[in-house]
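Asker: From the sequence below, what's the structure:
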Amino acid sequence: QVQLVESGGGLVQAGGSLRLSCTASERTFSSFVMGWFRQAPGKEREFVAVISWRGESTYYADSVKGRFTISRDNAKNTVYLQMNSLKPEDTAVYYCAHSSSYTYTVRDFGSWGQGTQVTVSS
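Answerer: This next block holds a predicted model:
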């Protein structure tokens, strides 16, 4: 089973930036679509961004479009989420996950990591 480990979270002021990383244990990383999701306290897990197998296609939630950028390095088995112009409402635990299809539906993703906390202060 694929193991995913997220890192890069932290506390940042509104308007600041963070870059999250997610590294996979599998050498077949390039065969997975990768996605980033987040879950705020008391809320359901929600889609943030997805990237296709070789990185040629990306898709974002409207709430982060223009501020966040997803990318991947298949040679390093790693997917990234560059987060700029952060807002307090971006505060959540951020998770990465993989899928066999290019989708943004939470239930189509698996092998969830432990998550990394992002806190944006106003």
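Asker: alpha carbons only for contacts and neighbour counts from here, please
Answerer: Will do.
Asker: does the most centrally placed residue in the chain sit in a helix or strand, and which one?
Answerer: Closest to where the C-alpha atoms of the chain average out (Cα atoms, centre = their mean) is residue 36, at 2.4 Å. Taking DSSP states H and E as the criterion, the element that holds residue 36 is strand 33-39.
Asker: From residue 11, how far off is residue 118?
Answerer: Per Cα to Cα, to the nearest Å, residue 118 is found 6 Å from residue 11.
Asker: In terms of neighbours, single out the busier of those two.
Answerer: residue 118 (22 against 14; other Cα atoms under 10 Å).
Asker: Does that one lie in a helix or a strand, and which?
Answerer: Per DSSP H and E, residue 118 falls inside strand 116-121.
Asker: What's the local residue count around residue 65?
Answerer: By other Cα under 10 Å, the residues close to residue 65 number 12.
Asker: Kindly apply the preceding question to residue 113 instead.
Answerer: By the criterion of other Cα under 10 Å, residue 113 has 20 neighbours.
Asker: Quick one, grab the pLDDT at it.
Answerer: For residue 113, the pLDDT comes out at 84.
Asker: Who are the contact partners of the residue nearest to it when sequence neighbours are not counted?
Answerer: With sequence-adjacent residues excluded and distances taken as Cα to Cα, 6 or more residues apart in numbering, residue 113 is closest to residue 4, at 4.8 Å. Contacts here follow Cα atoms under 8 Å, 6 or more residues apart in numbering; on that basis residue 4 touches 22-25, 96-97, 111-114.
Asker: change it to 10 Å
Answerer: 21-26, 77-78, 95-98, 110-115 (Cα atoms under 10 Å, 6 or more residues apart in numbering).
Asker: gap between it and residue 62?
Answerer: Residue 4 sits 25 Å away from residue 62 when distances are taken as Cα to Cα.
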